[in-house]
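Q: curious how this folds, go ahead:
(2 chains)
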Amino acid sequence: MTRLGMVIDTHKCVGCMDCVVACKTENGVPDGFCRDWINQRLEGEMPALRLTITSERCNHCDRPPCVSCCPTGASHVHDYGNVVLVDHDKCIGCKACLASCPYGARFIHPEGYADKCTFCIHRVEQGLEPACVAVCPTHSMYFGDLDDPESEVSRLIASRRHFVLKPDAGTRPRIFYLE
Amino acid sequence: MLELISTRANPMIDPAMHVWGWEIPVYLFLGGWVAGSMVLSGYLMRQGRKPGEPCVCNVLPWISLVLISLGMGALFLDLEHKLYVWRMYLTLQPASPMSWGGWILVLVYPALALAALLSVPDDLLGRWPGIARLAERLQAPAARNWLGIANILLGVGLGIYTGILLSSLGARPLWASAALGPLFLVSGLSTGAAFAHMIASNPREQVLLLRADNVFLAVELALIALFLIGLSTSSEVHAQAAGLLLGGPYTAPFWVLVVGMGIALPLAIQLLMSSHRIAHTIVAPLLVMAGGLALRFVIVSAGQYSHWITP
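A: Predicted coordinates:
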């Protein structure tokens, strides 16, 4: 069974926002909204400062609270890759999924339905990478099947120190950040 | 030092989540009020009384039909994809309390309408023979009994699901409490009882409802205490969420409007009323109802503000 996930090397990411621009272009994300974004976290005291840049988006969780709370089944786990998607024609815009997401990954599209990252499933099903991964100029992003132990993402997770966002929220996110 | 910079600025999400405005607290309040009224009128409906003796259970279903319709109107206004609302009724999602709620509301209408039929005057019913026959059948003790039970069960379902709906949204730590369902149910019962004893014309019922409301208010205080103790003694993220009501930005509205003006003060007034030290006044029930509304506003707003603090 394919379980798609992403690995992002925080040592390579420079926060250039190419992934953000590529996503907006590829998916026609309306002005004033974003499906992915860059966070910069600066911590410590001078001179011992540590800067962590993370390219963030929907984590396509293994335990997605946005799916279980949806009253119409619009939010669902797609057959291919267990990707979490929204069926726009089933969404009533109740916003329960926005409230249930600890990552703030969803927004209401100006047309009224809940919207978010799809892992560019339309590209992935054609054998392509998600747009954000394809354009990354520092090659900091990796995409593949987490259930395949030979995949690049599985090998990176097995061999490098990594973290996920808000692990204590209990959602089991599928985007891993290499430290 | 910790400095966070984000390029995300999605409406309703940043800088703090605020997806639900006035519509949801108003719906939760009206739904709770109707739930309480259904439980109480269902109970009173099953009690025997002398012929011609007035019962508030003749009035409550009519008022509840109006209130629940207003509440559903508020709910509809909150939807962002309004024309697709019918999608709720093509499916039942067992894991989604919002889906249960949609179906409970569908069942609430006929239960209220049948209960309302019991109080339609005979001369008016004469115009519609079919409805008159139905009303006559409902007057039979067994039918009244079952209708009362249906109103009680649906009232409990309606009252409790609103709290479970919020507590199932785990990303909001303030709502992550099993006490929220019972709290919203008891708050609905106290709102319903307060309104019922305010309008009751039967002195025997008025005393019963007044005393019941005092019990509901006392239980509500206990549930609020459990809610806050449970969160405060839980993980850091939950303790911080409780801090919103215990020293944080929602402290004043919560303790002054909800606990003080909405529960403690009317409870004190109503205890004096029930021991006949002061005359019956509408001030106390109006305060209880305002407190129920304030509770929904504070919990919905503070809950949205609460979030996971880890990166």
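Q: longest helix in the chain, please.
A: Answering for chain A, as no chain was given. Among the elements of chain A assigned as helix by DSSP state H, the one spanning the most residues is helix A:18-27.
Q: oops, I was thinking of chain B
A: helix B:203-232.
Q: for that one, list every residue counted as buried.
A: Across helix B:203-232, burial judged by 16 or more other C-beta atoms under 10 Å in any protein chain shown covers B:205-214, B:216-217, B:219-220, B:223-224, B:227-228, B:230-231. Heads up, the C-betas are built off the backbone N, CA and C, glycines and all.
Q: right, is it up against chain A?
A: No: counting by C-beta under 8 Å from any C-beta of the partner chain, chain A is not contacted by helix B:203-232; separation bottoms out at 15.2 Å.
Q: for whatever helix or strand comes next after that helix, name the packing helices and strands.
A: Once the chain leaves helix B:203-232, the next helix or strand it forms, by DSSP states H and E, is helix B:236-243. Packing contacts for helix B:236-243, counted by 3 or more C-beta pairs under 8 Å, 6 or more residues apart in numbering or on different chains; DSSP states H and E, involve helix B:203-232.
Q: quick check: mean pLDDT of the helix it packs on?
A: Regarding helix B:203-232, the rounded mean pLDDT is 97.
Q: one more: stretch B:64-82?
A: Mean pLDDT, stretch B:64-82: 97.
Q: how far does stretch A:73-81 stretch from one end to the other?
A: Start and end residues of stretch A:73-81 are separated by 18 Å (C-alpha to C-alpha, to the nearest Å).
Q: could you do stretch B:256-273 as well?
A: End-to-end distance for stretch B:256-273: 22 Å, by C-alpha to C-alpha.
Q: which residues touch stretch B:216-234?
A: B:173-174, B:176-180, B:182-183, B:186-187, B:189-190, B:193, B:238-239, B:241-242, B:245-246, B:258-259, B:263-264, B:266-267, B:270, B:288 (C-beta atoms under 8 Å, 6 or more residues apart in numbering or on different chains).
Q: in chain A, where is pLDDT below threshold?
A: Counting by pLDDT under 70, chain A has no low-confidence residues at all.
Q: what's the neighbour count on the closest residue to chain B within it?
A: Per C-beta to the nearest C-beta, residue A:93 is where chain A lies closest to chain B, at 2.8 Å. Here the number of neighbours of residue A:93 (other C-beta atoms under 10 Å in any protein chain shown) works out to 23.
Q: list the contacts of the closest residue to residue B:184 other than its chain neighbours.
A: Of all residues not flanking residue B:184 in the chain, residue B:163 sits nearest, at 3.5 Å (C-beta to C-beta, 6 or more residues apart in numbering or on different chains). Counting by C-beta under 8 Å, 6+ apart, residue B:163 touches B:180-185.
Q: next one: residue A:140
A: By C-beta under 8 Å, 6+ apart, the neighbours of residue A:140 are A:8-13, A:55.
Q: just the ones of those in strands?
A: Under the assignment DSSP state E, the contacts of residue A:140 contribute A:8-9, A:55 to strands.
Q: who wins for most neighbours among those residues?
A: The residue in these with the most neighbours, by other C-beta under 10 Å, is residue A:55 (27 neighbours).
Q: quick check: bridge partners of that one?
A: Residue A:55 forms beta bridges with residue A:38, as assigned by DSSP bridges.
Q: who are the contact partners of it?
A: Counting by C-beta under 8 Å, 6+ apart, residue A:55 touches A:8, A:13, A:15, A:19-20, A:36-38, A:132, A:140-141.
Q: no more questions from me, cheers.
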